[in-house]
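Peer 1: have a look at this prediction, sequence included:
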Amino acid sequence: MFMFKKKKEKPSKGGGGGGKVNGVGANSVAGGSTVFRVTVPDNVKPGEEFQVYAGSRIVRVRCPMDSRPGQSLQITVPADPAAGGGGDMPGNSQHSNNSLLPPDSPGVRRIADTNPPAYMVAIPEGTAAGQQFPVTIQGQQLMVTCPPSARPGMSVRIVPPPPPADLTRGPTTDSPMGPGMNSSSNSGSSSAATGGGHRRKDSRSDKEKTQLFEVEVPKGVQPGAPFALLAGGVRVLVTCPPNAGPGQRIRFKLPLALTQKPKHAEDNEMVQIKLKYDKDGWTRTVRATDLKFQWVRMDDKGDIDLNKRFNFEKSAYVRRLDFRAGEDPRIRTGILSLVPATESVVDSKIRASDGRDLVTYSQLADAQVKNFDDKAQWFQDTCAKLCVEWNEGHMRMNVRRQFLLGDSVDAVMSLSRKDLRKLWRFEFIGEMGIDAGGLAREWFELVCREIFDPDTGLWMSSATNQMSMTINPASEFCCEDHLVYYRFLGRVMGKAMFDRQLVNGHMVKHLYKHILGWPIQFKDLESVDEEYYNNLKQLQSMAERGEDLSMLCLDFTTTSEIMGVKKEVELVPGGSDIDVTNENFPEYVEACLKYKLMDCVKPQLNELLLGFFDVIPEPLLTIFDFQELELLMCGLPKIDMEDWQRETEYSGEYDEIGPDHPTVQWFWETLEEWDAEMKARLLQFVTGTSGVPSRGFGVLQGNDGNIRKFTIHGVPVDVCLYPRAHTCFNRIDLPLFESKEELAEKLKLAVTMSATGFDIE
C-alpha cells in the first residue's frame, strides 16, 4: 500500500479549519465502493474516533494505534444507497433505465405508452421564445428550442432521436456537451430537439499494409550491427542478421504509410527548413525490426556513428526510465538512468485498454510534421480517446482552500492510473460553486503556483535564468516526504496536458528534454552551471595543448554544497581513488555531465517522470520538440512588443545608434510579422524560456540574479553567419545582414534549428 506521512497542515492561505470534520478526498462516482485518503485531525489520539466527509455523507473513522495527527489514512466506504446511479450529477435519475448513464435533467417526464418514447420537458427560467436550452435524456445531451407560444414553467413535448449504440462520454468541464458531440436544431410546430452521442469510431485493423524492401548489406557492417538507409525516402535503422554479411542482400518489411510522404510536410514551413538544412547530427529514426523510435547520429559519409567514447561536440545522452510494478498496483516504480542516446528506444504505437491499436506509427509520423497548432489539436484529440468513458465513472475532488496543497496531494496520490484519466470535478469545501471548468482551471493554477514557490523547498530559480525553475537538490531537508510531492506534481503536469489546462511554472530546458527523452549534450551544461561548464572547457583546452592534467591533482569526485554544508560526491564508484589524467579525461567529463544534468537530482526527477507518465503515454510526446512542449504546457506568452522594444539594449556594432540602425529596424519589423508561436520561440532561443516577467521586459534577470535586459549585439557577418544566443546574458548576436530578407531567413533558421540539436555554424 502506498502510504506516506505528511507534516502537520499549515494553511495555504488565510483562514483555518474547524473541528474534527475533514472534508478532504478524491471520490470516485458510480461504483460499488469508494476509496478516500484522509488526514488524522489534530488532538485525535490513537484509538479515538473522528468524523470525515465521505462524499455527501459523514462517516466515523477510528484512528489506528500506530497513527498520529497529520498522518494520511486510506479508507474504503461502501456506495451511498441514497445517491442512486447518478453520482453527484444534479437532477433526478428515476427516468434513466441505465444507472451508469448521466441522470435525466430536472423537469423531464416520460409520457407513458409512446413509441418512439416521448418526453415532457419543463422550460427553465430565463429562456425566451426561440432560444435553445440543454437537457439530458437517457444519457444523451439534447438542445431543445423553446416554441414561440411557450414560456418558462411550461412543458413541451419532444421525441428524442434514438440513443447511440455506445454512449462513451458524458459532459466535460469545458462545455455542456462532451467532445465529439454534434448538435443542430430542427423547428417544429410545438418543439424542437436535437441530440448526439460520442460514438466510438470503427476500430482500425491491427494490421497495416506493408511494403517489402530488399537491400544489400554495406561494406564494413558486421553481423548484428545496425546500419541506416533510405527506404521510400524515409531513413530507417536496420540490423544486419547474424547469418549475413557485407555484399549479401536482406529483406525487411515496412508499413506502407511509413514510406509515403507525410501529407502535412509541404504545409509546414518549419519542417521544410529542417529538411533543407538537415546536416550531420542526432536524429530520431525508426527501427525496421520492431518500428520503435531510436536516436542515431550520422557521420559525414551518411553512416551511423558508432563511436561510444565521450566527445565534446558529438556525444549525447538520453534518459531511460524502466518501469517496475509497485507494491501498490496503482503506483508504479521505475529505474531512471542516463544512457548513450543510441540505447534509448520508445514505442511507436499506443494500445487501448481492449488491446487494439489506438495510435500507430503512421499516425505519429504524420503528426510529427504538422505545425504547432495542429500538433496540439491532434494531441488533445488523442487524449480524448484515452479518457475513461463517462459510464465508467468520474472523480470528485474535494479540497479545502486553506489547506490546498496538502489536501490535493492526499486526493491525487490516492488515485490509480485509470482514475487519472477520468473526468475530474472540483469542489472547494465550504464554498458555493459548480465546477464547469472554472474551478478546475483555478485549482491547477493555485496548486502549481504553490508547489513551484521556492519557499516550499522543492524548486528553486535556475542559476542562469531566474524565470525558469529547477529541482532543489536539497529538497529532502526542506520538505518531509519530498518525493511524494514530485510524484504528485508529475501527475498534475500530465493531467494538465491531458485536460487542456496550463502549468503555472516554467522549468529549465534540460528538464523538458528529459520528459521528451531528447538527447542531452555537453553544451546543455552551460545553461545549468556556466562556471562549471567554463572550467571543464578550460581543462579541455589544456588537454588539447598536451598539458599534463594529472598535475592538477583532480579525481573523479565533485563537491556538493547543501544547506551551507559541503560534501564530497563520487562521480563513479571509487571515484576518490581515480586520478584524472589526459587518457581518462573524456570519461571524467562524461561523469561530470551526468551528475550535473541528472544524478544530483535523480530521485526527485524519477518521481516527477513516473507521475507524468502515469497520465501521458510516452509515444504521444514524440511529435513535439522541447520548445513546443514548454509552449503546450505553459501556453503562449502575451508579449507586449512596445515594452519589448522599449526595454531592449544594444551593443557591439549597434551601440551608437541602437534602434535606428537599419539591421535593427529589420529585426523588429520581422518580429512584427511573426505569429505568437515564433515570437515565443525567439524568447526561448535568447533567454532560455518563453516566460515573460509579470512586470515586463525591464526586469529580465541574468545568471547572476541582476537585471540583464534583452540585448541585441551587432557583429560582422564574417564573425558569425547566423544569429546566435547567449541565454546567460539574454543576448542575441545579430550579424550585419545586407537585406531584410536575408535577416528574416537566417533568424528563422537559427530559432528553428535550436530545437533540433543541430549546429548551423
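Peer 2: Cool, the structure landed.
Peer 1: from here on, just use CA atoms for contacts and neighbour counts.
Peer 2: Fine.
Peer 1: hey, where'd the helices end up in the stretch 101-250 of the chain?
Peer 2: Secondary structure of the stretch 101-250 of the chain by DSSP state H, counting those that start in this stretch: no helices are present.
Peer 1: now the strands for it?
Peer 2: Assigned by DSSP state E, counting those that start in this stretch, the strands in the stretch 101-250 of the chain fall at 108-111, 118-122, 132-137, 140-145, 155-158, 192-196, 210-216, 226-231, 234-239, 249-255.
Peer 1: now do the same contact list for Val238.
Peer 2: Shown here is Val238, whose contacts under the criterion C-alpha atoms under 8 Å, 6 or more residues apart in numbering are Pro226, Phe227, Ala228, Leu229, Arg287, Ala288, Thr289.
Peer 1: which residue, other than its chain neighbours, is closest to the fifth one?
Peer 2: The shortest distance from Arg287 to any residue other than its chain neighbours is 4.6 Å, reached at Leu237 (C-alpha to C-alpha, 6 or more residues apart in numbering).
Peer 1: from Lys638, how far out is Lys596?
Peer 2: When distance is defined by C-alpha to C-alpha, to the nearest Å, Lys596 is 33 Å away from Lys638.
Peer 1: what about those two, which has more around it?
Peer 2: Between Lys596 and Lys638, counted using other C-alpha atoms under 10 Å, Lys596 has the larger neighbour count: 16 against 12.
Peer 1: any idea which of the strands of the stretch 101-250 of the chain is most buried?
Peer 2: Among the strands of the stretch 101-250 of the chain, strand 140-145 has the highest mean neighbour count (mean count of other C-alpha atoms under 10 Å), at a mean of 26.
Peer 1: what pLDDT, on average, does it get?
Peer 2: Summarised as a single mean, pLDDT over strand 140-145 is 70.
Peer 1: number the residues from 13 up from this point.
Peer 2: Taking 13 as the first residue, the last one we looked at is strand 152-157.
Peer 1: what about the closest residue to Cys565 other than its chain neighbours, how many residues nearby?
Peer 2: In space, not counting the residues next to it along the chain, Cys565 is nearest to Asp591; the distance is 7.0 Å by C-alpha to C-alpha, 6+ apart. Summarising burial for Asp591: neighbours were counted as other C-alpha under 10 Å, giving 18.
Peer 1: any idea how far Asp591 is from Pro728?
Peer 2: Applying C-alpha to C-alpha, the value for Asp591 to Pro728 is 44 Å.
Peer 1: could you do Trp656 as well?
Peer 2: Distance from Trp656 to Pro728, by C-alpha to C-alpha: 24 Å.
Peer 1: quick one: contacts for the nearest residue to Ile483 once chain neighbours are set aside?
Peer 2: When the adjacent residues along the chain are set aside, Ile483 lies closest to Trp471, with 4.7 Å between them (C-alpha to C-alpha, 6+ apart). With C-alpha under 8 Å, 6+ apart as the criterion, the residues that contact Trp471 are Ile463, Phe464, Asp465, Met481, Thr482, Ile483, Asn484, Ser487.
Peer 1: same thing but 10 Å
Peer 2: Under the criterion of C-alpha atoms under 10 Å, 6 or more residues apart in numbering, the contact partners of Trp471 comprise 463-465, 480-487, 498, 519.
Peer 1: for the stretch 563-712 of the chain, just list every one of the helices.
Peer 2: Secondary structure of the stretch 563-712 of the chain, counting by DSSP H, counting those that start in this stretch: helices at 597-609, 614-625, 638-646, 653-658, 674-685, 688-699.
Peer 1: dump these to CSV, plus distance to Ala38.
Peer 2: Listed next are the helices of the stretch 563-712 of the chain as CSV, based on distance: least, C-alpha to C-alpha, whole Å:
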stretch, distance to Ala38
helix 597-609, 35
helix 614-625, 17
helix 638-646, 24
helix 653-658, 44
helix 674-685, 46
helix 688-699, 37
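Peer 1: using a markdown table, lay out those together with distance to Leu333 and mean pLDDT.
Peer 2: Formatted as a markdown table, the helices of the stretch 563-712 of the chain follow (distance: least, C-alpha to C-alpha, whole Å; pLDDT from 0 to 100):
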| stretch | distance to Leu333 | mean pLDDT |
| --- | --- | --- |
| helix 597-609 | 15 | 96 |
| helix 614-625 | 8 | 96 |
| helix 638-646 | 18 | 90 |
| helix 653-658 | 40 | 91 |
| helix 674-685 | 40 | 94 |
| helix 688-699 | 27 | 88 |
